[in-house]
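Asks: Build me a structure from this.
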Amino acid sequence: MLNLCLACREIGPDGHGGLPRATCDLAQALAAQGHSVRLLTDAAGAPGDFVGGVPVEVLPVPPPSGPWTGAEPESAPHNLMHAAAVYREVRRIHEHEQPVDAVLAPLWRSEGAVCLLDDRFPTIVTCMTSLRTLSEIDGAYGRLPDIGERLRLEGVALARSRYLHGLTEAALRKTIDDYGLNPRSSAVIGRGLRDRGGPPVTDGARDGRARVLFVGRLERRKGVDTLLAAARELVEEGVAVDFTLAGLSADPSIRASFEREAASRPGLSAAVHFAGPVSDAELDRLYAECDIVCVPSRYESHGVVLIEAMMFAKPIVTCEAGGVGEVVTPNGEALVVAPDDPRALAGSLRRLLASAELRAQLGAGARETFERRFEAAAVAAQMTSFLGRVSAGHERAASDVAGGLETLLTEALDLGEVDAGALAGELLDPPASAWRAWARAREREAAASSTTSMSVENARLRQAVAAQEATLAFLHERHETLRRVEEGGWWRLRGRLLPLLRLATRVRARVRRHDT
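Replies: Okay, the predicted model is just below:
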């Protein structure tokens, strides 16, 4: 059995993106096969000690002294600090618990950059959508102030990668071609997810309107603008359809532009709902209740959302981009159109919305494909084979990690007057002052979080008290009304009038009998 470390940031207790969800599911499936597995994540929103029985190691990330102390999130220095934290934990496990057979780290954010420098264990990089690809597709990434450093870090880290895992052949080939890589070993293994599908929900709109679901970051690469243009076309035609967009708004200008346009179109505004980031439970509910899942991306290395849609037996409308063609078959699980074509996207959505039979056919095909190709246990078996082959063939040797990191820092970053050797030393073995600064920062964050939680709870209690006060006021008013009526003599008057009314009734009855 293998001793494995899987690195992935942002594993949270409530909800997280497709990458963390898929990593957690893979870790659980590998553990179920008997392997020793650790999930290595950052401290933001960590769920506790275990996820599905797999230990979660929360990584402390003390900043080195000097200019990196206030490193911006997602910047190259920030990502390298996390990569160093991953390495420190892997090194600790390897030296003090059990030799590590393999480390699996995502290409995104270069999480395995420092582990790649230690030849005592192999580090496999999972090839997904690279920052280089994002900057080619989406101008917002190209305008990031530190895009040069981030791209260089991605490149110099990949140059040291001897083992590559491609989610699709397209993603693997693009990574190799873009950076001129010559890996010692590679394999294409798709995402695998544990089955959360549950019993199917009856197809068709419960309220007379069909429901289209988008899940992902709201950015140009995901084709959100294309979907919104298609939504406008369908709504203006009078199609009874609602659109829900669930995910983090990575490019606020997309929503702002839509809302300006929808301000003069009330029907369009009512038909499109921006749900924002949602919990895992809420995400599953959205999948279960929708009629169609739309993935209009301009590029997908694989697409966790495609797998989740298939898991829930939902028909898909998507675009032929990147590795999508290796995940779905046109007219098998999905209708597939060219990317960046709102009219074609609207046409495929219109076709599906008009045919319950076609929705059922594609949904059934999607579920069958999930069970056959993308269920977590089957994918974990493929991953075990690859990781075992890499571990067995890896030439383990002592390494000058400090010297390698100094070189990497020099190649990737604009260090200016910073001593690369001293910086590398601090990243590998933070001094006591750095640990104290980190602990103080965590205490401040915890206090702020506690204050925020208390404010939210206080607001909730104030609302509850206000509701109770409104109820009491109503009851008091009703009581006062009854009291005034009683004090006004109505009940006494009623007691006197009733006998007279009964007598009048009897007299009237006698008169009628006499007349008869």
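
Asks: For the stretch 401-516 of the chain, which residues score under the pLDDT cut-off?
Replies: Low-confidence segments of the stretch 401-516 of the chain (pLDDT under 70): 441-442, 444-516.

Asks: Try it again at 90.
Replies: 414-418, 431-516 (pLDDT under 90).

Asks: can you tell me how far S348 sits from I137?
Replies: To I137, S348 is 21 Å away according to CB to CB, to the nearest Å. Just so you know, the C-beta spots here come from the backbone N, C-alpha and C atoms, and that holds for glycine as well.

Asks: how far away is the closest residue to Y179 other than its chain neighbours from L181?
Replies: Take Y179 and drop its neighbours on the chain: the residue closest to it by CB to CB, 6 or more residues apart in numbering is L158, 4.9 Å away. Distance of L158 to L181, given as CB to CB: 6 Å.

Asks: Compare those two (neighbour count), which wins?
Replies: L158 (25 against 19; other CB atoms under 10 Å).

Asks: who touches L158 in this structure?
Replies: Contact partners of L158, counting by CB atoms under 8 Å, 6 or more residues apart in numbering, are 107, 125, 175, 179, 181.

Asks: for F274, that is, sorry about that
Replies: 218, 245, 249, 255.

Asks: now with 10 Å?
Replies: Contacts for F274 (CB atoms under 10 Å, 6 or more residues apart in numbering) come out as 214, 218, 224, 243-247, 249, 255, 258-259.

Asks: one step back: got any residues that touch both of L158 and L181?
Replies: Common neighbours of L158 and L181 (CB under 10 Å, 6+ apart) are 125, 127, 164, 175.

Asks: Any chance of a markdown table for these, columns neighbour count?
Replies: Conversion of these to a markdown table gives the following (neighbours: other CB atoms under 10 Å):
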| residue | neighbour count |
| --- | --- |
| V125 | 30 |
| C127 | 30 |
| L164 | 22 |
| T175 | 27 |
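
Asks: now, which of these lie within strands?
Replies: 125, 127, 164 (DSSP state E).

Asks: In JSON lines, list the shared contacts of L158 and L181 along with distance to L409 and pLDDT.
Replies: Formatted as JSON lines, the shared contacts of L158 and L181 follow (distance: CB to CB, whole Å; pLDDT from 0 to 100):
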{"residue": "V125", "distance to L409": "19", "pLDDT": "98"}
{"residue": "C127", "distance to L409": "24", "pLDDT": "97"}
{"residue": "L164", "distance to L409": "23", "pLDDT": "98"}
{"residue": "T175", "distance to L409": "23", "pLDDT": "98"}
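
Asks: Just flag the most distant two among those residues.
Replies: By the measure CB to CB, V125 and T175 form the most distant pair in the shared contacts of L158 and L181, at 8.5 Å.

Asks: list residues touching both of the two?
Replies: The overlap between the contact sets of V125 and T175 (CB under 10 Å, 6+ apart) consists of 107, 158, 161, 164, 166, 181, 183, 186.

Asks: from the contacts of L158, which is closest to E320?
Replies: T175 (19.5 Å).

Asks: show me where the stretch 201-350 of the chain has strands.
Replies: 210-215, 241-246, 272-276, 292-295, 316-319, 334-337 (DSSP state E, counting those that start in this stretch).

Asks: mean confidence for the last one?
Replies: When you say that, I think you mean strand 334-337. Averaged across strand 334-337, the pLDDT comes to 98.

Asks: Which neighbouring elements make contact with it?
Replies: strand 292-295, helix 304-311, strand 316-319, helix 324-327, helix 342-353, helix 356-369 (3 or more CB pairs under 10 Å, 6 or more residues apart in numbering; DSSP states H and E).

Asks: May I see the buried residues of stretch 170-184?
Replies: Neighbour-count burial for stretch 170-184, with 16 or more other CB atoms under 10 Å as criterion, is recorded at 170-172, 174-176, 179, 181, 183.

Asks: where does the stretch 1-150 of the chain dip in pLDDT?
Replies: Checking the stretch 1-150 of the chain against pLDDT under 90 turns up 10-17, 42-53, 58, 60-73, 139-140, 142-143, 145.

Asks: could you pull out the helices for it?
Replies: According to DSSP state H, counting those that start in this stretch, the stretch 1-150 of the chain carries its helices in the segments 18-32, 76-96, 131-137, 139-142, 147-159.

Asks: Need the winner for burial among these.
Replies: When you average the neighbours per residue for each of these (mean count of other CB atoms under 10 Å), helix 18-32 leads with a mean of 23.

Asks: I am finished for the moment; much appreciated.
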